[in-house]
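# quick one: sequence and predicted model below, then my questions.
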Amino acid sequence: MLRLLTSLAAGLLFGAGLAIGHMTDPLKVLAFLDIAGEWDPSLAFVMGGAVLVAGIGFRRVLGAPSPRLDTRFHLPPARRVDPRLVTGAALFGLGWGLTGYCPGPALAGLVLDNRETWLFVPAMFAGGLVARRLAR
């Protein structure tokens, strides 16, 4: 039960951070990505802060012998860049650039009643299912 409550709290904190940082506003994200037009660099500070906090957190947590609420760390086994990773990253970037949403902000947008997310999130899950089937 403690693990479930901790996961819920972490998800709520993450979603709140996305909303406070305006990452759930696709127009703000698209303005950040539009470096040739009316570029809005403010999200760079949001992302920089997130990278700093995550870097400190990962360093601290992964320095422990084991996690507090599990028996082992669940880290990705692959350590190399392969065509599958590059293709996935390119598709992610393309989707982010076209819509202004990535998975975390899109899910947070459901709670914030961003109507576009009600179209984006099912399409995102459908894309995940297609990718999973193609990988087999």
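Now that the structure is in, tell me what you want to look at.
# pull stretch 84-103 out as CSV, backbone CA atoms only.
As requested, the backbone C-alpha atoms of stretch 84-103 are provided in CSV (Å, rounded to 0.1, in the frame of the first residue of the first chain):
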residue,chain,number,x,y,z
ARG,A,84,15.1,1.3,-33.0
LEU,A,85,16.0,3.9,-30.4
VAL,A,86,16.7,6.5,-33.1
THR,A,87,13.4,5.8,-34.9
GLY,A,88,11.5,6.0,-31.6
ALA,A,89,13.2,9.3,-30.7
ALA,A,90,12.5,10.7,-34.2
LEU,A,91,8.8,9.8,-34.0
PHE,A,92,8.6,11.2,-30.5
GLY,A,93,10.1,14.5,-31.6
LEU,A,94,7.9,14.6,-34.7
GLY,A,95,4.8,14.1,-32.6
TRP,A,96,5.9,16.6,-30.0
GLY,A,97,6.7,19.2,-32.7
LEU,A,98,3.3,18.7,-34.5
THR,A,99,1.1,18.7,-31.5
GLY,A,100,3.0,20.3,-28.6
TYR,A,101,2.3,17.3,-26.4
CYS,A,102,4.4,14.5,-25.1
PRO,A,103,3.0,11.7,-22.9
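# just give me how far that stretch sits from the chain centre.
Going by C-alpha atoms, centre = their mean, to the nearest Å, the spacing between the C-alpha centre of stretch 84-103 and its chain's C-alpha centre is 11 Å.
# which parts of that stretch are buried?
95-96, 99-102 (16 or more other C-beta atoms under 10 Å). For the C-beta atoms, the positions are set from N, CA and C on the backbone; glycine is no exception.
# let me know the pLDDT of the residue nearest the centre of the chain.
Taking C-alpha atoms, centre = their mean, the centroid of the chain lies closest to Gly104, which sits 4.4 Å from it. Per-residue confidence at Gly104 stands at 88 (pLDDT).
# now it: which helix or strand?
In this structure, Gly104 sits in helix 103-111 according to DSSP states H and E.
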